[in-house]
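coords below, sequence missing:
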């Protein structure tokens, strides 16, 4: 029985399932790739903002609302929560 089957059958706790998936490295690698991609996009948006002639509150509000910046923050919050519940 593989890990997914054990999880579906209730043979392994959700906490143990997460620990084993993270330990496998495959999911962690895919997540790391997603975070890196999101961070690169956010960096571009931030660089664009910093290169503007004037930076006002509306521009910063739009930067904060951008999907690229929110994606990175969500990735980090997700990682934080996942790590808190697996240790």
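Received, thanks. This structure is a prediction, so every number in the text was calculated from the model and none was measured.

three-state assignment of the residue of the chain most remote from its centre?
Within the chain, the residue lying farthest from the chain centre (C-alpha atoms, centre = their mean) is residue 53, at 31.6 Å. Under the three-state scheme (DSSP: H, G, I helix; E, B strand; the rest coil), residue 53 adopts coil.

Torsion angles phi and psi at it?
When quoted as degrees, to the nearest 10, the phi and psi of residue 53 stand at phi -60, psi -40.

Could you measure from it over to residue 59?
10 Å (C-beta to C-beta, to the nearest Å). No exception for glycine: its C-beta is placed from N, CA and C like everyone else's.

Quick one: low-confidence residue ranges for this protein.
Applying pLDDT under 70 to the chain picks out residues 1-12, 14, 17-18, 21-22, 26-27, 85-87.

okay, which residue is most central for it?
Closest to where the C-alpha atoms of the chain average out (C-alpha atoms, centre = their mean) is residue 75, at 1.8 Å.

That residue: what's its closest spatial neighbour, skipping adjacent residues?
Once flanking residues are discounted, residue 75 sits nearest to residue 35: 4.5 Å by C-beta to C-beta, 6 or more residues apart in numbering.

Tell me which residues of the host helix or strand of residue 71 come out buried.
Following DSSP states H and E, one finds residue 71 within helix 67-84. Neighbour-count burial for helix 67-84 flags 68-69, 71-72, 75 (criterion: 16 or more other C-beta atoms under 10 Å).

so which of the residues you listed comes closest to residue 30?
Distance to residue 30 across the buried residues of helix 67-84 (C-beta to C-beta) is lowest for residue 75, with 12.0 Å.
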